[in-house]
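Enquirer: Mind looking at a prediction? Sequence and model below.
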Amino acid sequence: MKKRFLDADINNKSWFRKLTSEEKVLWYYITTSCTYDGFWEYDEQAISFYCNGYTGDIPETIKARLGMIKTDEDQYFLKSWVTFQYGELKPQVRTHQKTIERIIRKGLGEHFPELESSF
């Protein structure tokens, strides 16, 4: 079972309250279905199924708050999610190592200045 930190105050944040109910479900879906290292596969059928028939683009507010960076046609990297889950990434921390490796392999190291010496 995946374990994740969840912002207990998310429901009190005005930007989140301004989302429609469908967009809130989408936000929860994205943040709970991404990989441990912050990569998420865009899948219209899954979104529609898990988000009560949600259709359309991912709202810009969600993209900005999650720091969504498109890595290929159907994949996004959630920079803000990684930062929230792990804090500052440190190569000497065992739980960060695989995440750092994938970030560097995908060419996303520039988004993490603390990793500058790693690539």
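Expert: Perfect, I can see it now.
Enquirer: Going by C-alpha atoms from here, please, whenever you check contacts or count neighbours.
Expert: Will do.
Enquirer: what bridges to the residue most central in space within the chain?
Expert: Nearest residue to the geometric centre of the chain (Cα atoms, centre = their mean): L78, 2.9 Å. Applying DSSP bridges to L78 yields these beta-bridge partners: M68.
Enquirer: where does it sit relative to M68, distance-wise?
Expert: Noted for L78: a distance of 5 Å to M68, by Cα to Cα, to the nearest Å.
Enquirer: Same check on D74?
Expert: D74 sits 12 Å away from M68, going by Cα to Cα.
Enquirer: Likewise for K24?
Expert: As for K24, its distance to M68 is 16 Å (criterion: Cα to Cα).
Enquirer: Tell me which of these two has more neighbours.
Expert: Comparing K24 with M68 by other Cα atoms under 10 Å, the one with more neighbours is M68, at 20 against 17.
Enquirer: per-residue pLDDT, the more buried one?
Expert: Per-residue confidence (pLDDT) for M68: 98.
Enquirer: Distance check, it against Q75.
Expert: 10 Å.
Enquirer: Same check on T35?
Expert: Note on T35: its distance to Q75, by Cα to Cα, is 11 Å.
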